[in-house]
Structures are given as C-alpha cells and as structure tokens.
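Undergrad: quick one: sequence and predicted model below, then my questions.
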Amino acid sequence: DQPRVLLCSGATKDMGKMLGGEEEKDPDAQKKEEERQEALRQQEEERKAKHARMEAEREKVRQQIRDKYGLKKKEEKEAEEKAALEQPCEGSLTRPKKAIPAGCGDEEEEEEESILDTVLKYLPGPLQDMFKK
C-alpha cells in the first residue's frame with residue numbers, strides 16, 4: 001500500500017501544476033540555468049574553433065593540390081573571365097563580340113536566303129515561278 005500512497009502523492013503534486021497551481025520554486029534554478037547556458041555557449045565555441053581548424057587544414061591540402069597541378073581557384077577563374085570580357089576588343093566601337101548573342105546580326109538573313117534558294121531548286125518549274133514573283 002505504501003507505493004500507491006507515494007504514487008498518489010506524486011501524481012497530485014503534478015496535477016496541481018497542470019491545473020495552474022503554484023510550482024515548487026528551486027532557489028538555485030536560475031543559477032543552474034545560467035551555468036547550463038554558459039556550458040552550451042562554451043561547447044558551441046569549441047565546436048566552431050574545431051571546424052575552423054579542420055577547414056584550414058583542408059584548404060592547405062587543396063592549395064598543395066592546386067600548386068602541384070597548376071590549377072586555379074574558382075574565384076580566380078571567374079575574375080579572369082570577367083576581366084577578359086570587360087576589355088574592349090580591337091576595332092569594335094560598341095561592345096565585345098562575346099556580348100552579342102549567337103544568332104543576332106546579318107549572318108542569319110543570309111542563311112535564310114540560302115535555305116529558301118535550296119528549297120526552290122527542288123520544286124517543279126511552275127511552282128518555282130510562283131515563289132520567285
């Protein structure tokens with residue numbers, strides 16, 4: 001019978017809390033919470049430092065590989081390509097040739113005429129006369 005009494009007394013205490021009654025206040029609760037928060041902050045700082053060290057080691061290995069094979073960093077490649085595009089081409093008055101999208105310009109019209117002429121060659125004589133007019 002004693003375990004039931006203990007269970008009931010514990011349950012009634014919890015029921016009082018659930019129903020909005022006064023909780024028992026631990027005098028050291030705030031101090032414990034501050035210590036817990038400080039421990040979490042310290043763990044997070046240690047974790048960040050560890051990851052920074054690991055990334056520095058990885059970058060060192062990457063740089064050794066780049067030096068060995070003559071590779072460049074992605075940022076360096078992008079910077080060189082951008083600089084190459086920004087340099088004006090000789091003889092160009094407006095913009096570099098790369099800036100003109102493919103298919104724009106006079107070449108397209110010449111291609112269309114040649115395709116039309118090719119199609120006309122395969123048509124019978126009376127139809128060719130109709131299309132030429």
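TA: Cool, got the structure.
Undergrad: roughly how far does residue 75 sit from residue 64?
TA: Separation of residue 75 from residue 64 (Cβ to Cβ, to the nearest Å): 18 Å. For the C-beta atoms, the positions are set from N, CA and C on the backbone; glycine is no exception.
Undergrad: please report how far residue 58 lies from residue 122.
TA: For residue 58 relative to residue 122 (Cβ to Cβ), the value is 64 Å.
Undergrad: and for residue 61?
TA: Distance from residue 61 to residue 122, by Cβ to Cβ: 64 Å.
Undergrad: so which residues of the chain form helices?
TA: 2-18, 29-69, 74-86, 107-121, 125-132 (DSSP state H).
Undergrad: lowest average confidence across these, which one?
TA: Across these, helix 2-18 has the smallest mean pLDDT, namely a mean of 56.
Undergrad: run a quick neighbour tally on residue 31.
TA: Residue 31: 10 surrounding residues under other Cβ atoms under 10 Å.
Undergrad: ok, residue 32 - contacts?
TA: Contacts for residue 32 (Cβ atoms under 8 Å, 6 or more residues apart in numbering) come out as residue 26.
Undergrad: if I look at it, how far off is residue 48?
TA: 25 Å.
Undergrad: again with residue 73
TA: Residue 73 is 24 Å from residue 48, where distance means Cβ to Cβ.
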